[in-house]
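Asker: Provided below for reference: sequence and predicted model.
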Amino acid sequence: KGAVRSLSVNPGGQYLATGCDDCVVRVFEITSGKVMFAYKTPRPVTSVEWTPNGALNMLGATSGTTLYIFVPRVCATEAVNNETIKFL
């Protein structure tokens with residue numbers, strides 16, 4: 001796998017997002033190390049960042065000149081995910 005270029009912990013401290021040279025955004029559950037979410041991009045991922053607003057479940061990532069916004073549903077309750085979708 002490629003080098004990790006960026007990492008970010010969600011506001012609740014439960015999940016770690018990584019952006020890597022292998023062109024994949026991954027979200028890990030910190031306590032277990034399990035990959036909860038993965039998304040392949042066309043280019044290396046240069047940055048990842050969770051929203052600092054704990055009321056939303058949103059992860060941003062850049063790959064090349066593209067900004068991706070994810071709502072990794074496994075990382076929050078249905079109510080939080082629904083609020084996030086409304087916000088977007």
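Answerer: Yes, it's here.
Asker: pull the residues that contact the lowest-mean-pLDDT helix or strand in the chain.
Answerer: Every helix and strand of the chain was ranked by mean pLDDT, DSSP states H and E. The lowest is helix 78-87, at a mean of 93. Under the criterion CB atoms under 8 Å, 6 or more residues apart in numbering, residues 55-58, 71, 73, 76 lie in contact with helix 78-87. In short, each C-beta sits where N, CA and C put it, glycine included.
Asker: can you get me a residue count around the nearest residue to Asn57 once chain neighbours are set aside?
Answerer: Nearest in space to Asn57, with sequence neighbours left out and distances taken as CB to CB, 6 or more residues apart in numbering, is Ala76 at 3.6 Å. For Ala76, the count of nearby residues is 22 (other CB atoms under 10 Å).
Asker: measure Ala76 to Leu7 for me?
Answerer: To Leu7, Ala76 is 19 Å away according to CB to CB, to the nearest Å.
Asker: just Asp21 next, same as before
Answerer: Counting by CB to CB - Asp21 and Leu7 are separated by 13 Å.
Asker: need phi/psi at the residue positioned nearest the centre of the chain.
Answerer: Closest to where the C-alpha atoms of the chain average out (CA atoms, centre = their mean) is Leu59, at 4.2 Å. Backbone dihedrals for Leu59, given as degrees, to the nearest 10, come out at phi -130, psi 130.
Asker: mind checking pLDDT for the residue nearest to it when sequence neighbours are not counted?
Answerer: Sequence neighbours aside, Phe70 is the residue nearest to Leu59 in space, at 4.5 Å (criterion: CB to CB, 6+ apart). We have a pLDDT of 95 for Phe70.
Asker: backbone torsions only: list them for Phe70.
Answerer: phi -110, psi 150.
Asker: run through the protein and note the low-pLDDT ranges.
Answerer: 1 (pLDDT under 70).
Asker: can you give me the strands in it?
Answerer: Assigned strands in the chain, in chain order: 4-9, 15-20, 24-29, 35-40, 45-50, 59-63, 66-70 (criterion: DSSP state E).
Asker: contacting residues around Val4?
Answerer: Taking CB under 8 Å, 6+ apart as the test, what Val4 contacts is 18-20.
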